[in-house]
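# Give me the fold of what follows.
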Amino acid sequence: MNQDIIVDDDLDWQPERQGIAFTAHWQGRKIDCFMALAHLEHMTGQSLVDEANIILAFEAVRFDIEERVAELVGEEAFAPDGGLYL
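The predicted model follows:
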(Lines give C-alpha, C1' and ligand atoms only; values in the text may rest on other atoms or scores of the structure.)
Protein backbone atom coordinates (compact mmCIF):
# COMPACT_ATOMS: atom_id res chain seq x y z
CA MET A 1 0.00 0.00 0.00
CA ASN A 2 1.29 3.42 -0.92
CA GLN A 3 0.79 5.97 1.84
CA ASP A 4 1.55 8.93 -0.46
CA ILE A 5 -1.39 8.14 -2.74
CA ILE A 6 -4.85 7.31 -1.50
CA VAL A 7 -7.36 5.95 -3.99
CA ASP A 8 -10.85 6.94 -2.92
CA ASP A 9 -13.87 4.65 -2.81
CA ASP A 10 -15.78 6.67 -5.44
CA LEU A 11 -15.49 4.11 -8.22
CA ASP A 12 -17.71 4.89 -11.19
CA TRP A 13 -18.05 2.25 -13.89
CA GLN A 14 -18.58 4.05 -17.20
CA PRO A 15 -19.71 1.52 -19.79
CA GLU A 16 -19.77 4.09 -22.60
CA ARG A 17 -16.04 4.71 -22.00
CA GLN A 18 -15.28 1.08 -21.08
CA GLY A 19 -13.49 2.02 -17.89
CA ILE A 20 -13.64 3.12 -14.27
CA ALA A 21 -13.40 6.72 -13.15
CA PHE A 22 -12.12 7.35 -9.64
CA THR A 23 -10.25 9.94 -7.65
CA ALA A 24 -7.01 9.77 -5.73
CA HIS A 25 -5.47 12.14 -3.20
CA TRP A 26 -1.83 13.15 -3.25
CA GLN A 27 -0.39 15.83 -0.99
CA GLY A 28 -3.86 17.21 -0.33
CA ARG A 29 -4.67 17.44 -4.04
CA LYS A 30 -7.56 15.53 -5.60
CA ILE A 31 -6.64 13.86 -8.89
CA ASP A 32 -9.25 12.58 -11.32
CA CYS A 33 -8.23 9.17 -12.65
CA PHE A 34 -9.51 6.78 -15.26
CA MET A 35 -8.62 3.13 -15.77
CA ALA A 36 -9.49 1.40 -19.02
CA LEU A 37 -11.29 -1.91 -18.67
CA ALA A 38 -8.65 -3.57 -20.86
CA HIS A 39 -5.91 -2.50 -18.42
CA LEU A 40 -7.88 -3.81 -15.44
CA GLU A 41 -8.44 -7.12 -17.25
CA HIS A 42 -4.71 -7.32 -17.95
CA MET A 43 -3.87 -6.66 -14.28
CA THR A 44 -6.29 -9.30 -13.02
CA GLY A 45 -5.96 -11.87 -15.79
CA GLN A 46 -9.75 -12.00 -16.01
CA SER A 47 -12.33 -11.23 -18.65
CA LEU A 48 -14.73 -8.83 -16.94
CA VAL A 49 -18.24 -8.36 -18.29
CA ASP A 50 -20.50 -6.93 -15.59
CA GLU A 51 -20.23 -3.98 -13.23
CA ALA A 52 -20.20 -6.03 -10.02
CA ASN A 53 -17.25 -8.15 -11.18
CA ILE A 54 -15.44 -5.10 -12.53
CA ILE A 55 -15.67 -3.34 -9.16
CA LEU A 56 -14.60 -6.50 -7.32
CA ALA A 57 -11.63 -6.87 -9.66
CA PHE A 58 -10.61 -3.24 -9.05
CA GLU A 59 -10.75 -3.83 -5.29
CA ALA A 60 -8.64 -6.98 -5.65
CA VAL A 61 -5.79 -4.99 -7.24
CA ARG A 62 -6.39 -1.66 -5.45
CA PHE A 63 -2.89 -1.55 -3.94
CA ASP A 64 -1.30 -2.22 -7.34
CA ILE A 65 -3.43 0.59 -8.79
CA GLU A 66 -2.26 2.92 -6.01
CA GLU A 67 1.35 2.04 -6.87
CA ARG A 68 0.74 2.74 -10.56
CA VAL A 69 -0.92 6.07 -9.76
CA ALA A 70 2.11 6.92 -7.58
CA GLU A 71 4.44 6.08 -10.48
CA LEU A 72 2.48 8.29 -12.86
CA VAL A 73 2.50 11.16 -10.35
CA GLY A 74 6.26 10.74 -9.95
CA GLU A 75 6.64 10.87 -13.73
CA GLU A 76 4.35 13.91 -13.83
CA ALA A 77 2.33 12.03 -16.43
CA PHE A 78 -0.75 14.19 -16.04
CA ALA A 79 -3.04 14.61 -19.03
CA PRO A 80 -3.82 18.15 -20.25
CA ASP A 81 -7.00 18.06 -18.14
CA GLY A 82 -4.92 17.34 -15.02
CA GLY A 83 -6.07 13.74 -14.73
CA LEU A 84 -4.25 10.44 -14.85
CA TYR A 85 -5.19 7.75 -17.34
CA LEU A 86 -4.22 4.14 -16.74
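
# where does Leu11 fall, phi/psi-wise?
phi -70, psi 130 (degrees, to the nearest 10).

# I'd guessed Ile65 sits against Glu59; true?
No: counting by CB atoms under 8 Å, Ile65 stays clear of Glu59, with 9.6 Å between them. Where C-beta positions appear, they are placed from N, C-alpha and C, glycine not excepted.

# The two: which has the busier surroundings?
Ile65 (24 against 12; other CB atoms under 10 Å).

# hang on, that one is in a helix, isn't it?
Yes: the assignment for Ile65 by DSSP: H, G, I helix; E, B strand; the rest coil puts it in a helix.

# ok, now which ones touch Leu86?
By CB atoms under 8 Å, 6 or more residues apart in numbering, Leu86 lies in contact with Cys33, Phe34, Met35, Ala36, His39, Ile65, Arg68, Val69, Leu72.

# out of those, who's nearest Gln27?
Closest approach to Gln27 among the contacts of Leu86 (CB to CB): Val69, at 12.7 Å.

# center of this protein, which residue is that?
Met35 (4.7 Å; CA atoms, centre = their mean).

# Relative to Val73, how far out is the nearest residue to that one once chain neighbours are set aside?
Spatial nearest neighbour of Met35, excluding adjacent residues (CB to CB, 6 or more residues apart in numbering): Leu86 at 4.3 Å. Separation of Leu86 from Val73 (CB to CB, to the nearest Å): 12 Å.

# got it, and Gly45?
26 Å.

# Counting neighbours, go ahead and name the busier of these two.
Val73 (19 against 7).

# ok, which stretches of the chain are helices?
37-44, 51-60, 62-74 (DSSP state H).

# need these in CSV with distance to Val7 and mean pLDDT, can you?
Conversion of the helices of the chain to CSV gives the following (distance: least, CB to CB, whole Å; pLDDT from 0 to 100):
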stretch, distance to Val7, mean pLDDT
helix 37-44, 13, 97
helix 51-60, 9, 96
helix 62-74, 5, 94
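
# Rebuild these as a markdown table, extending it with distance to Ile5.
Formatted as a markdown table, those follow (distance: least, CB to CB, whole Å):
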| stretch | distance to Ile5 |
| --- | --- |
| helix 37-44 | 16 |
| helix 51-60 | 15 |
| helix 62-74 | 5 |
